[in-house]
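Enquirer: this is a predicted model, with the sequence first.
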Amino acid sequence: MKPNFVSAAEAAKLIKSHDRVYIQGSTSIPEVLLDAITARSNELEGVEMYSAFAVGRRDAPYATTELRDNFIPRSLFIANSIRKAVDRGEAQIIPCFLGEVPGLFRDGYLPLDVTLLNVSPPNEEGYCSYGVSCDLAFSAVECSKVIIAQVNKQMPFSYGDPLIHINDIDACVEVDDPLVEVPTAVPNEKEKNIGQFIAELIPDGATLQIGVGGIPNAVLNGLHDHKDLGLHTEAMTDGVLPLIKSGVINNSKKVIMPGKCVASLALGSRALYDYMDYNKDMVFRDVAWTNDPFIIRQNPKVMSINSAIEVDLTGQVCADSIGTRLFSGVGGQHDFMYGGALSEGGKTFIAMTATSGKGISKIKPVLTEGAGVVTTRFQTQYVVTEYGAAFLKGKDVAQRARALINIAAPEVREELEKAACERFGYRFLRMR
């Protein structure tokens, strides 16, 4: 059997009306295929387009008002390319933990007909790699009837689950399409303070789960004098490269895949993608595996570091919506917060600046009306702002309120104290 190389227009003809199509994510959205499919939109109706965590260089071409009857966008995590369509009500989000989505595919809750991939050129044995995006692609391929792939000279070859033999691809389209690059966020002064507070709480020999942005990079910048750190995370970013290259991250203390950096997806610069290419020390796995709390917990001293949009005085964490406006998704926050809490010596952190870019306090008496709870008050351990770290585990609600007020922006503390007095009464007053 020979590989079936065709044009993008020919590959697009494999899509039929009312098909259910999964689109690979991370920084590897198969843009050439999406353009070809969109170009024949007048021949299609009711095609369900499933996407998840992905960084696009533009709005999704199929998610427009003009094509809303041709394509039905459904998002498993609201990414930038689909957010406007969600805001218009022309795309919808399916609430779920990212780690449970493979089960939704495999158990038939979200049946798939087609998967669109963006893969590396084949190795000597004929296997292509999904490169920067194993996450949901691994299970989507397993559950789809038709596989269409861009075979992309720009895609790194990564090891682990994300491999497919080129002869198992129904239609291959040869492209030379650069991956989206996510600039390394440079921490500002507030983020540097947050990073330092967290870094001081991370012991040698810890296993890190860390996200994307200025605060995660500030944490990583504070770990250069640490020893024997490990990496088991959802997203691999540029921020970990200096620690890997210096040997601070050597994965020597991990129980799960010792000696290997483990992730489900990668997003960063070309330098990260080049470092990944044919690097056997970096392994990418199905997100159902990387995000399984009972796998996560087996590593020692798991340090789970996540962000939030707002936190209330009892420790409830909203991370996916701004009031009633759904903005992103749960991702792996819950899975790693739970797995980290179960890990021997594990710690979990919600890290955020005390105020938003508009100067609004992120620590609130109660969550904004319509805000979703991603991490419950029963799970929250540390909440960290530029004013310090509040440790909530084992504290009653009045004690939690006091600890959170102490790390809120100074100009809102009096307002928060009044709210806490009204809500928690005598016991809060006694802590003054």
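Expert: Nice, thanks for sending it over.
Enquirer: in the stretch 201-350 of the chain, which spans are helices?
Expert: Per DSSP state H, counting those that start in this stretch, the stretch 201-350 of the chain carries helices over the ranges 214-221, 241-246, 270-276, 287-290, 293-296, 333-342.
Enquirer: in JSON lines, list those helices along with distance to Val182 and mean pLDDT.
Expert: In this view, the C-beta of every residue, glycine as well, is placed from N, C-alpha and C. Below are the helices of the stretch 201-350 of the chain laid out as JSON lines (distance: least, C-beta to C-beta, whole Å; pLDDT from 0 to 100):
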{"stretch": "helix 214-221", "distance to Val182": "12", "mean pLDDT": "91"}
{"stretch": "helix 241-246", "distance to Val182": "13", "mean pLDDT": "96"}
{"stretch": "helix 270-276", "distance to Val182": "9", "mean pLDDT": "96"}
{"stretch": "helix 287-290", "distance to Val182": "19", "mean pLDDT": "97"}
{"stretch": "helix 293-296", "distance to Val182": "24", "mean pLDDT": "98"}
{"stretch": "helix 333-342", "distance to Val182": "19", "mean pLDDT": "95"}
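Enquirer: by mean pLDDT, flag the weakest helix or strand of the protein.
Expert: Of all helical and strand segments in the chain, the minimum by mean pLDDT, DSSP states H and E falls on helix 426-430, at a mean of 81.
Enquirer: go through the helices of the stretch 201-350 of the chain and name the closest to Asn406.
Expert: Minimum separation from Asn406 across the helices of the stretch 201-350 of the chain (C-beta to C-beta) falls at helix 214-221, 19.3 Å.
Enquirer: can you tell me which helices and strands that closest one packs against?
Expert: Judged by 3 or more C-beta pairs under 8 Å, 6 or more residues apart in numbering; DSSP states H and E, the packing partners of helix 214-221 are helix 189-199, strand 207-210, strand 302-307, strand 347-351.
Enquirer: distance from that helix to the middle of the chain?
Expert: 16 Å (C-alpha atoms, centre = their mean, to the nearest Å).
Enquirer: got the domain boundaries for the chain?
Expert: The chain breaks down into these structural domains: 8-175, 189-430 (assignment by automatic domain parsing).
Enquirer: make TSV from those domains and add distance to Pro183 and mean neighbour count to it.
Expert: Converted to TSV, those look like this (distance: least, C-beta to C-beta, whole Å; neighbours: other C-beta atoms under 10 Å):
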stretch	distance to Pro183	mean neighbour count
domain 8-175	11	20
domain 189-430	7	20
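Enquirer: quick one: Asn118 is in a strand?
Expert: Yes: counting by DSSP: H, G, I helix; E, B strand; the rest coil, Asn118 is found in a strand.
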